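**Q** need coordinates for the below:
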Amino acid sequence: MSELVPVAGEDEVYRLLDSLRILDAPASRIKILRRAVRAYLGHNPDTRTTAFDMYPRTPAHAATRINWKWHITNGPDRAHPEYDGPDRILRPAGYLATLLIEQECDLPQCEMGVHLDSGEECRLCRYREVERIGLAESKRLDAEHRALLQQQRDGAAVDRRSSIDALYDEAVAANAAYDRIRAARVAAAAEAEETARLREQLAQDHPELAAARIPRPREGEAGYAAAGRRGRRALEEETARAALVREGLRGTALDDAVRSHMAAWRADRRQGAHTGDPAARAVPVGAWPTGGRQQPEEAPCRPLGGL
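**A** I've put the predicted structure just below:
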C-alpha cells in the first residue's frame, strides 16, 4: 500500500505521539515514525512479512504499548536535554519507532503478553506474569516506604510533643518563680509599709527618738554614738526654742536667737572636749550655757531666763 493512502487509526496514534511533547516536528511528518505507525497497524510497505501483518494492532494497542514502555523505561527523563545519566535517549523519534514495531515474543499474536486471537496470557514470554511480579514488588516497596514514612512521622510527632511538654514545663516553672517573686515583693512592700507606720507612730509618741533617729543594728557602736549626739543637739535646740518662746520671741528673732544659742552651745562643747574640762563634758542634756559668757564654777549653767 502506498504511503499516500490513509490508514485507519493512524491519526489517533500520531496525536498520542505528539502528546508526549518530545518530538521536534509532528509525528505524521517524521518518516521513521510514520512508517512504524503504519506497519504497527498492519500496513507494512516492505515485502517482508511481520507479526503486525498477520495480526494488525489497533490504536488502543498502540496507546497501551506507548504509555507502558515509554514511562516504565523512564523515557521522559532520559530524553530531557539536561539528563546526564545512563541510556540517554538522543533520538526520541527513532526510540519511539523501535518501541512500536519491536516484537519481544516469538508468537505473532502476542501483544504485551496477551494473545490477540484468544485473549489468553502468553505462556511463552510470560510477559503478564513478569508484569504482575513487578507490580507486586512495586506495591511491596511502596508499602514499605509508606510504613517507613509513617514511622518517621510518628517519631517526629513524639519528639514534637516532648518538645512542647518541655517548653510547657519550663513556662510553668517560670510562672511559678514569677509568682513567688511577686508574692515576696508584695510581702516586702507590706512589711515596709507596716514598719513605716510603726516608725511614724513611735515618732509621734516619742519625739525625742524621732529627733535622735534611732540607729539601725547594722550601724554598730558608731551609729549609736552619732544618734546620741543628734539627740542631744535636737533636745538642746528644742529646750532653747521653748524657753525663748516663753520670753516672747517670735519669727525671725526667735530663729536668730536659737541659731546663736546653738552655735555657742557647740563651741562650748568643743572647747570642753579639747581642754579636757570634766565639767563641760558632764554638762547634762538640756543645759544651756549663756551665749558664750563666762559662768561661775558653782553655776556651770543657768536657766534661759537669765539671758
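**Q** now do the helix or strand hosting Asp159, average pLDDT.
**A** In the assignment (DSSP states H and E), Asp159 maps to helix 127-205. Average pLDDT, helix 127-205: 85.
**Q** go on, stretch 18-26?
**A** The average pLDDT within stretch 18-26 is 89.
**Q** next, the distance between the ends of that stretch.
**A** 6 Å (CA to CA, to the nearest Å).
**Q** list the buried residues of it.
**A** Using 16 or more other CB atoms under 10 Å as the test for burial, stretch 18-26 gives 20, 22-23. (Each C-beta comes from the backbone N, C-alpha and C, glycine too.)
**Q** kindly report the same for stretch 32-49.
**A** Of all the residues in stretch 32-49, those buried under the rule 16+ other CB under 10 Å are 33-44.
**Q** so which of those is the closest to Arg78?
**A** Leu33 (17.9 Å; CB to CB).
**Q** the closest one contacts Leu17, doesn't it?
**A** Yes. The pair Leu33 and Leu17 qualifies as a contact (CB atoms under 8 Å) at a distance of 6.5 Å.
**Q** name the residues contacting each of those two.
**A** Residues within reach of Leu33 and of Leu17 at once, by CB atoms under 8 Å, 6 or more residues apart in numbering, are 23, 27, 96.
**Q** ok, of the residues you listed, which one's closest to Val114?
**A** Nearest to Val114, judged by CB to CB, of those is Leu96 at 21.7 Å.
**Q** how many neighbours does that closest one have?
**A** 25 (other CB atoms under 10 Å).
**Q** before we move on, what about the one 3 residues further on?
**A** As a burial measure, Leu99 scores 18 neighbours (other CB under 10 Å).
**Q** in a helix, it, correct?
**A** Yes. Under DSSP: H, G, I helix; E, B strand; the rest coil, Leu99 sits within a helix.
**Q** nearest residue to it in space, please, no chain neighbours.
**A** Of all residues not flanking Leu99 in the chain, Lys69 sits nearest, at 5.1 Å (CB to CB, 6 or more residues apart in numbering).
**Q** do Ile66 as well
**A** Leu16 (6.1 Å).
**Q** what's the answer for Leu249, then?
**A** For Leu249, the spatially nearest residue (CB to CB, 6+ apart) is Ala257, at 5.7 Å.
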